[in-house]
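Engineer: The following comprises the amino acid sequence and a computationally predicted model.
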Amino acid sequence: MTLNTINVKKEMINDIEMDWFGSSNDFLSTTGVGPCVAFAVLLASGQNIFIEHRSDLFLPIDKMDINNVGLCLNNVGEHIRLTSLGSTIT
């Protein structure tokens, strides 16, 4: 996971860069989503958040079918498992 830190209203917020993912029980964001794909998942009744930010190459529109979308969501689920041990999706 790579994080940049941005300062908003005097509070530090971890920024998930493109092609990375992360989980935190603190402030978390991603910038520059534009044509990209971003997933935000609340975990543990909102006590934790997971964000994944992928370029549009991760799920190209011309290859979007049920199998590729399923593979994409399976990958997101695996990344949640790796970064948020013991959390439940709420």
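Structural biologist: Thanks, I have it. This one's a predicted model, so the numbers in the text were calculated from it and none came from an experiment. Numbers count the residues shown, from 1 in each chain.

Engineer: what comes into contact with stretch 67-77?
Structural biologist: Outside stretch 67-77, the residues within contact range by C-beta atoms under 8 Å, 6 or more residues apart in numbering are 21, 37, 39, 41, 52, 58-59. Backbone N, C-alpha and C define where each C-beta goes, glycine included.

Engineer: could those be laid out in a markdown table, adding distance to Asn68, secondary structure and neighbour count?
Structural biologist: Formatted as a markdown table, those follow (distance: C-beta to C-beta, whole Å; DSSP: H, G, I helix; E, B strand; the rest coil; neighbours: other C-beta atoms under 10 Å):
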| residue | distance to Asn68 | secondary structure | neighbour count |
| --- | --- | --- | --- |
| Phe21 | 18 | strand | 22 |
| Val37 | 12 | strand | 16 |
| Phe39 | 15 | strand | 18 |
| Val41 | 20 | strand | 18 |
| Glu52 | 16 | strand | 23 |
| Phe58 | 10 | coil | 15 |
| Leu59 | 7 | coil | 17 |
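
Engineer: can you give me the strands for the chain?
Structural biologist: Assigned strands in the chain, in chain order: 3-8, 11-16, 20-24, 28-29, 37-43, 48-54 (criterion: DSSP state E).

Engineer: Figure out how far the shortest one is from the centre of its chain.
Structural biologist: Meaning strand 28-29. 9 Å (C-alpha atoms, centre = their mean, to the nearest Å).

Engineer: Tell me the strands beside it, with direction?
Structural biologist: strand 11-16 (parallel) (DSSP bridges).
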